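Novice: Okay, predicted coordinates and the sequence, questions at the end:
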Amino acid sequence: MKIKKKAAVVTSAVMALSIVSYYPAITTETSLPSGIVYAEEAKTADGLLYVEEGTDAVITGYEGTATDITVPEKIGDLTVTRIGDGAFKNTAITSIALPSGITEIGPEAFYKCEGLKKITIPSEVRTIRYDAFKNCVNLTEVELNDGLSAIGNHAFSGTSLIEISIPESVTSIDASFNGLKTLKKAVFKGERSEIPGRAFYYCLGLETIEFPDSLMEIGPEAFYKCEGLTQLTFPENLRTIRYDAFGSCVNLTAVELNDGLSAIGNHAFSGTSLKEISIPESVTSIDASFQGLKTLKKAVFNGERAEIPGRAFYYCLGLETIEFPDSLMEIGPEAFYKCEGLTQLTFPENLITIRYDSFGSCVNLTAVELNNDLAEIGNHAFSGTSLKEISIPENVTSIDASFQGLKTLKKVVFKGKRSDIPVRAFYYCSGLETIEFPDSLTEIKHESFYKCDGLKKLTFPESLKTIDYDAFGSCANLTEVKLNDGLETIGSHAFSGTAIKEISIPESLSVCNAAFANTDTLKKVEFRGKRTIIPGTAFQYCKYITEITAPADTEHIYMSAFEGCKYLKTLKILNPNCVMDGKVKISDYLTIYGYENSTAQKYAEENNYKFALLEGAPVIAESPAPSPSPTPATSPDPSPVPTSSPTPTAEPKVEVIPVEDADMNDDSVITMADYVTLIKRILTANVEYDAAFDINKDNKIDAADVITLRKVFLGTVVCE
């Protein structure tokens, strides 16, 4: 044994010298490996092996047979200052008295000394290294000295300690008591402000902790997996509980947090069995501190709190009840994310903001009552819930995809005198079927109801002026939309990707920018009332539209409105002077219908489209000469006039009609404008009988009236 021990020391010394010579910059003791190595062979004194280190002696081994050991303060002129690496490892000693000059107990110094029952650490010791007393299975008492600063990893693991007092001077404890089931009580002495991280990490049997009144911080993982803990009360000066401080304390059911506490770290109480928790007003940071708890049923927020911190009860699976303070103004991001026990919520009246993901994935949340002062709901705030209906208060101005992805949400009500619906309000709410718009609504902002596949029919309030881009885009089952009179603007792709089959465009709509683009189901477009412009790109790539009629009032058509309408067969232009702007590819099957010599005919010829006269439409001379007071003419009509009956060949009888009967537009003169007005009246669908347009007084408004009016210009009929 003696020979092997010396050989090991010599070998270690040679290796250490080699390292120092290869790396000349490494010259200090702290740069050497954690085990102590020396450049000379150990010496023996009463069974103790030691080496000299200047004027000090370091104990490196024991070869004696005695079981009760006293380490002398001096060996010759040398002062014993350290117990070296593994010095008494696996020996049969039952007690040891260490001298007051010792400053360090090295790694594994007393490893697996199974006969050792008690140890007193001398007053000069500053450091106890890792595994120093590990697996001393019968060690039940340890007296740590004031002045000790660090206890290494697993230093007392595998012992049978029952109680331990930690001196105020100790600032580092690295899972030193890891795995102990015997340790029941831990006492922190003196005016300590902090408990070091991993102080009693994995002390499975720990039941009682005596915190000092001066305590301000509990370090990370300080009491992680202390399964014997059942309840805790913290001192009033405590300000911070770091991450995992009490994580996986599976039997911890009650915790009283102190007023003055400000921060609770990530997973600080995860894996516990807490049933209820009260959060002091002073707490401003809670980082998923209770994550994963199924036992926690109730959370109470005390005092005049204005804000609930982000991730406060993140992933608290069992949480059923939340008591919000009346003073609450903001709920932080992910505050109650995936709290699956929540079924209904009512918010206090002062609440202004609900941040992103606040109640996301609360899968059993079916009812929410939003308060009237609420102004902002963040991204995905209620995504993944089971809400069926929601009423949005008038003051809410921001809803950022807050309900995204909900299949359960069937109905949305907008309360109060709201003027607009916010951006992405019900973005991707695939189950939404019913929307109650307020009568005061003037604008639906972009992507508000994007991909709401449950929508089938929409009617808008008369006050609505603007529907922004993608507002109802990709609502795949939306088949019927009634656009209100007064609507002025529809943004790009506002109804793209829907299942609309026909649409009636109100007279007021002046901007319709690709609003229905790529809507394959759209087959019919109607324009209501008087319309002067058909805006560009309105129906781009609606490939199955087959027929469009531009009303007689239409003065300007941007032909890009029909670009890519590849199966468009019929485009009727009722205004002979309508400006048709733009050369775009529309359809190989298109026939443009209009008057002879009209702008429609010219456009068709210039762009290689088929042209046909409107059915029953009279031919319009290229340059008719209007006259305020037509006079009879002796020459016959130079061009045939379409009529439903044969034209008489006999000389026409000159008739006299009252001037007011031929004055279609009531401007007191008979001009071409009267002729055009009458044609529009006849060709506009679904008109009721009006005697003012019945020139020949046959109780019908038809081509015969056009013929009669035309005769005024030809002189065969004169006005009195």
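Specialist: That came through, no problem.
Novice: Show me where the stretch 1-150 of the chain dips below the pLDDT cut-off.
Specialist: Scanning the stretch 1-150 of the chain for pLDDT under 70 picks out the ranges 1-40.
Novice: For it, which segments count as helices?
Specialist: All helices of the stretch 1-150 of the chain, identified by DSSP state H, counting those that start in this stretch, fall at 2-22.
Novice: repeat for the chain
Specialist: In the chain, the helices defined using DSSP state H lie at 2-22, 599-606, 659-662, 672-683, 703-714.
Novice: Now do the third one, average pLDDT.
Specialist: What that stands for is helix 659-662. The pLDDT scores in helix 659-662 average 71.
Novice: got it, and stretch 436-443?
Specialist: 98.
Novice: I121 - nearest residue in space that isn't next to it in sequence?
Specialist: With sequence-adjacent residues excluded and distances taken as C-beta to C-beta, 6 or more residues apart in numbering, I121 is closest to N145, at 4.7 Å. Backbone N, C-alpha and C define where each C-beta goes, glycine included.
Novice: residues in contact with that neighbour?
Specialist: By C-beta atoms under 8 Å, 6 or more residues apart in numbering, the residues touching N145 are 120-125, 167.
Novice: wouldn't F324 be in contact with N350 here?
Specialist: No. With contact defined as C-beta atoms under 8 Å, F324 does not count as touching N350 (9.6 Å).
Novice: what about the chain, any weak spots by pLDDT?
Specialist: The chain contains residues with pLDDT under 70 at 1-40, 616-656, 659-660, 667-669, 671-672, 675-676, 680-689, 703, 710-720.
Novice: any idea which residue sits dead centre in it?
Specialist: By C-alpha atoms, centre = their mean, the chain has its centre lying nearest to N379, at 3.8 Å.
Novice: and the closest residue to D131 other than its chain neighbours, what does it touch?
Specialist: Of all residues not flanking D131 in the chain, E108 sits nearest, at 4.6 Å (C-beta to C-beta, 6+ apart). Residues counted as contacts of E108 (C-beta under 8 Å, 6+ apart) are 85-86, 89, 129-132, 134.
Novice: ok, now how distant is E108 from R129?
Specialist: 8 Å (C-beta to C-beta, to the nearest Å).
Novice: Name the residues contacting each of these two.
Specialist: Counting by C-beta under 8 Å, 6+ apart, the common neighbours of E108 and R129 are D85.
Novice: what's the neighbour count on N90?
Specialist: N90 sits with 12 neighbouring residues when counted by other C-beta atoms under 10 Å.
Novice: Name the nearest residue to it, sequence neighbours excluded.
Specialist: The nearest residue in space to N90 (C-beta to C-beta, 6+ apart) is K112, at 5.1 Å.
Novice: same thing with L370?
Specialist: P393 (5.5 Å).
Novice: what sits against that neighbour?
Specialist: 370-374, 415-416.
Novice: 6 Å instead?
Specialist: Counting by C-beta atoms under 6 Å, 6 or more residues apart in numbering, P393 makes contact with 370, 372, 374, 415.
Novice: Run through the bridge partners of A367.
Specialist: As for beta bridges, A367 partners with Q344 under DSSP bridges.
Novice: That one contacts L345, correct?
Specialist: No. Using C-beta atoms under 6 Å, A367 is not in contact with L345; the gap is 7.4 Å.
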